[in-house]
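*Asks:* what follows is a protein structure lacking sequence information:
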C-alpha cells in the first residue's frame with residue numbers, strides 16, 4: 001500500500017506537533033519532492049521518539065523523587081507510606097478533593113494513576 005503525498009504531509013504535521021508541541025508552518029510542501037518528504041518524515045519520527053523517551057525519563061525521575069520524599073517522611077516519623085503521603089500532600093495548598101490530588105500529580109509531573117493512592121491517603 002503506497003502512502004499518498006497528502007497522507008505523508010499529514011503524518012509529518014501530526015508527528016512534528018507531537019515532537020515539538022506546534023504544527024510545522026514553515027515548510028513549503030509544494031516545493032518538496034517525495035524524497036524530501038520521506039526524509040523529513042524520518043527526521044520528525046526520530047525527534048518524536050526522542051521527545052517521548054525524554055518525557056518518560058523525566059516522569060520516572062519525578063516518581064523516584066516523590067518516592068524518596070515518602071521514604072524521608074517515614075524516616076522523619078511518619079508511621080507508614082499512607083501517613084507519609086498525607087504529610088507531603090498536606091504540606092501543600094492542595095487539599096480537599098480528588099481534583100486536588102490530580103492537580104498535585106500534575107504540578108509534580110507524576111502519573112495521574114498515582115492520584116488515587118494520594119487521595120486515599122488523605123481521606
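*Replies:* Yes, it's here. Since the model is a prediction, treat every value here as computed from it, not as a measurement.

*Asks:* where does this structure have low pLDDT?
*Replies:* 1, 93-99 (pLDDT under 70).

*Asks:* now with 90?
*Replies:* For the chain, the stretches with pLDDT under 90 are 1-3, 89-104, 107, 118-123.

*Asks:* tell me the domain ranges of it?
*Replies:* 5-55, 77-122 (automatic domain parsing).

*Asks:* so for residue 65, which of the ones you listed sits nearest?
*Replies:* Residue 65 lies closest, by Cβ to Cβ, to one member of these: domain 77-122, at 8.2 Å. For every residue, glycine as well, the C-beta is placed using N, CA and C.

*Asks:* so how far does that closest one reach from one end to the other?
*Replies:* 17 Å (Cα to Cα, to the nearest Å).

*Asks:* can you check stretch 90-103 too?
*Replies:* Note: stretch 90-103 ends 13 Å apart using Cα to Cα.
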